[in-house]
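> Return a 3D structure for these sequence lines:
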Amino acid sequence: MTGFELAYLGLEPFFPPLYGSVRRTLLDWAKAANSNCRNILDVGGRKSHYTIGVPAQVSISDLPRETEVQQKLHLGVTEGIVSQTLRRRSNVQRVVLDDMTRSKFDAATFDCVVSVEVLEHVELDRDFVAEVHRVLRPGGRFLMTTPNGDAVKNTNPDHKRHYTRLQLEQLLSEYFQTVEVEYAVLDSRFRRWGLQSWSLRHPLRTTRTMLSNVVTRIHSSQSSVPKRALETRHLIARARKADEA
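Residues are numbered from 1 along each chain as shown. As a prediction, the model looks like this:
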């Protein structure tokens, strides 16, 4: 591992907990005896921090950062992000500019696809999911997160929609053999404090941010959270493509 990756893993408990949940699922899939998750495509991942330490080869697919909205919301990638990511990461093999609604990847290329907080930005959501299904090998797995439309009002200028749990289950079930959608990350003042930026110029705020994320991580680990529709901020979905007949 690189020094950056080791530092990130050491600080992971102090970051917002959604990435940690995604990383733990990918680790479980990669290490499971009955799961061949050795070749991962991260769609819209930019720097793909949640794949750090996962024993797999990672390809990142994203759009170029071009529009004013992308600049404002830090969406897409730049040449600087690409070069920095390849320099810092030991398991990222490539960063590819690609539109997942009409992907240029060959069919049955990847064991797993992950997409974190991306689908809500995509107008052609069915095309996106269909392409994820196409590039997965038989038996491949798809892991994604998106805002919880049962509770979170859509005020983001780049979000096309927020899915309810039922809507997301129905969409994924059109393409995948098995689908599981759960609620994730309890909302609270600690979660909101945890989203504030870190800065050496503001040590007290930074300390509060870090400790708030620890509290949110602990609260969100309760066994009842995956079923709590109105108190959570995200949906996390796991889907599996059918094996070959």
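> max-length strand in this structure?
Assignment by DSSP state E gives strand 136-147 as the longest strand of the chain.
> Adjacent strands (with direction) for that strand?
Strand 136-147 has the following strand partners under DSSP bridges: strand 110-116 (parallel), strand 232-240 (antiparallel).
> ok, and what's touching the helix or strand just after that strand?
Using DSSP states H and E, the helix or strand that directly follows strand 136-147 along the chain is helix 165-173. When contacts are taken as C-beta atoms under 8 Å, 6 or more residues apart in numbering, the neighbours of helix 165-173 outside the stretch itself are 125-126, 129, 142, 146, 148-150, 163, 179, 181-183, 229, 235, 237, 239. (C-beta placed from N, C-alpha, C; glycine too.)
> Please enumerate the helices of this protein.
Listed in chain order, the helices of the chain (DSSP state H) span residues 3-11, 17-31, 68-73, 79-88, 125-135, 165-173, 189-194, 203-220.
> how close does the closest residue to Ala239 other than its chain neighbours sit to Cys37?
Counting by C-beta to C-beta, 6 or more residues apart in numbering, Ala239 lies nearest to Phe176, which is 3.9 Å off, once chain neighbours are set aside. Using C-beta to C-beta, to the nearest Å, Phe176 is found at 15 Å from Cys37.
> of the contacts of helix 165-173, buried ones?
Applying 16 or more other C-beta atoms under 10 Å to the contacts of helix 165-173, the neighbour count classes 125, 129, 142, 146, 148-150, 163, 179, 181-183, 235, 237, 239 as buried.
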